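S.K.: Provided below for reference: sequence and predicted model.
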Amino acid sequence: MDFSLDKEHELFKKTVREFLQRELEPISKDIDSKKEIPREFIKKMAEFGLLGLTLSSEYGGIEADNISAVIAAEEIGRADISVATAVYYLLLASWSKILEKYGTEEAKQEFLPKITKGEWFMGIASTEPHGGSDVLNINTTMKVEHNNLIVNGEKIFISGVKEASLYGGGFVTIVKHDPSKGHRGIAAVLTTIKDNEHVETGIIENMGRGGISTGYIKYNDTPYPQEYLIGDMERGFYYAMEGFNLARPLVAAACIGAAEKALDIGLDFIKNRIMFGRPLAKYEAIQFEAVEDYIKLEMAKDLVYKTAWMLDEYYRNKRFALSDINKMVAASKWIATETAYNILTHVMMWHGALGYSKELPIERGLRGILSYLVGAEGAINIMKLIIGRELFGRDFMPTKP
Ligand SMILES: Cc1cc2nc3c(=O)[nH]c(=O)nc-3n(C[C@H](O)[C@H](O)[C@H](O)COP(=O)(O)OP(=O)(O)OC[C@H]3O[C@@H](n4cnc5c(N)ncnc54)[C@H](O)[C@@H]3O)c2cc1C
């Protein structure tokens, strides 16, 4: 057993870090306050190969593995601690992959090259006003009429509404086509919103990760070409779950990156801040907290990298059962998010008033990480629900599956 990155991954990590330190870190404060990731930087990410990292070269990707995708997410989270840039990156990485795996050739040719070039956005539209956790109970419908897919309903708290409205791209949208069929009554459809008179969109102001928008999309008899249907009409639910399994380790890695950055800042501060005649780091109340943070971060990081490795083994070598993947993915997202939240909170406390101010990046990191605790890419209790389901079986789920 070897826990170290191989030479190729080490080199990738080094070059990604150098690129992001140069191009992203200096603009990260502005990304949050100006509420936009500059288009020039998105283009630079594309030129570097970060948008579509795991996609096939046919569509402009570089066919990297999930370990590389996790390395990039960690480094992006480190360079932009608000995690807004990481959200942009990981939505493209995971939901474009679902399009590449299951979409029609027409849709792939239309969307993927523009995504890998940094022109178009790609996200997920699953959550609805009555709740996001219970994906099976969505109300948005889709019917096939005269070779068109007609979508009706509302999606809310969707990341990238402004970006897709302004620049193009779309969403893997989870819709119901036959309520009598349970999981199999759910399909996945690509929906676009730019210059689309059949949709109404709006932005919802969030407390954090200002660089990427969140909003709602109302579909009013919105027609889409049949080529926008993703894969088998009866497998949309499963595509959504697969997309979440790809996205969540990247969320976890972004949280790890943000927490590493915060801990670096925190350790440096407590070594140098003199209080009652000695550095704060000499007081065990603070030193032990820092030690625990360090250990928990190492543990979370190991779990996230193990999950990425398992995903690669699952896809490339057909190793592991899907239930093992589900468990590890959910565990990674839960542990990394919670650990990052605790570390950012501790580092803020060590800094006193300075930590609460906008002079330091800690406050924007904390606001960003919280999005992942409350819900983005699945609420924390839902991660526990998934692990419980895989440990105890469906008979022990709180609600009838
Ligand atoms: C910043 C941000 C960006 C987002 N971006 C997107 C996006 O791009 N696309 C998208 O589709 N969605 C997006 N979401 C929505 C996200 O997926 C949902 O927040 C999430 O699925 C939870 O849904 P909900 O917020 O409606 O909460 P609910 O599902 O109503 O849940 C409320 C609370 O109850 C808990 N809960 C629910 N069921 C159970 C249970 N059985 N047992 C115990 N506790 C339970 C949850 O953990 C949660 O704390 C985003 C959310 C945020 C905050």
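M.R.: Everything's here; your move.
S.K.: and the helix or strand harbouring residue 389, what other elements does it pack with?
M.R.: Assigned by DSSP states H and E, residue 389 belongs to helix 380-392. When contacts are defined as 3 or more CB pairs under 8 Å, 6 or more residues apart in numbering; DSSP states H and E, helix 380-392 sits against helix 322-350. From N, CA and C alone the C-beta is placed, and that goes for glycine too.
S.K.: The closest residue to the ligand within the stretch 1-150 of the chain: what's it in contact with?
M.R.: In the stretch 1-150 of the chain, the residue found nearest to the ligand is residue 132; the distance is 2.5 Å by CB to the nearest ligand atom. By CB atoms under 8 Å, 6 or more residues apart in numbering, residue 132 lies in contact with 126, 157, 375, 379.
S.K.: mind redoing it with 7 Å?
M.R.: Going by CB atoms under 7 Å, 6 or more residues apart in numbering, residue 132 touches 126, 157, 375.
S.K.: Now it: phi and psi?
M.R.: Dihedral pair for residue 132: phi -110, psi -20, per degrees, to the nearest 10.
S.K.: Take the contacts of residue 132 and keep only those in strands.
M.R.: By the criterion of DSSP state E, membership of the contacts of residue 132 in strands covers residue 157.
S.K.: can you list the contacts of residue 132 in CSV and add distance to residue 297 and pLDDT?
M.R.: Output for the contacts of residue 132, formatted as CSV (distance: CB to CB, whole Å; pLDDT from 0 to 100):
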residue, distance to residue 297, pLDDT
126, 30, 98
157, 28, 98
375, 23, 88
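S.K.: which of the contacts of residue 132 has the most neighbours?
M.R.: Of all the contacts of residue 132, residue 126 has the most neighbours under the rule other CB atoms under 10 Å, reaching 23 neighbours.
S.K.: gap between that residue and residue 105?
M.R.: Distance of residue 126 to residue 105, computed by CB to CB, to the nearest Å: 25 Å.
S.K.: now residue 187
M.R.: Residue 187 is 18 Å from residue 105, where distance means CB to CB.
S.K.: Check residue 314 too.
M.R.: Per CB to CB, residue 314 is found 25 Å from residue 105.
S.K.: before we move on, the earlier item: show me how far the helix holding residue 389 is from its chain's centre.
M.R.: Here helix 380-392 is found 19 Å from its chain centre; the criterion is CA atoms, centre = their mean, to the nearest Å.
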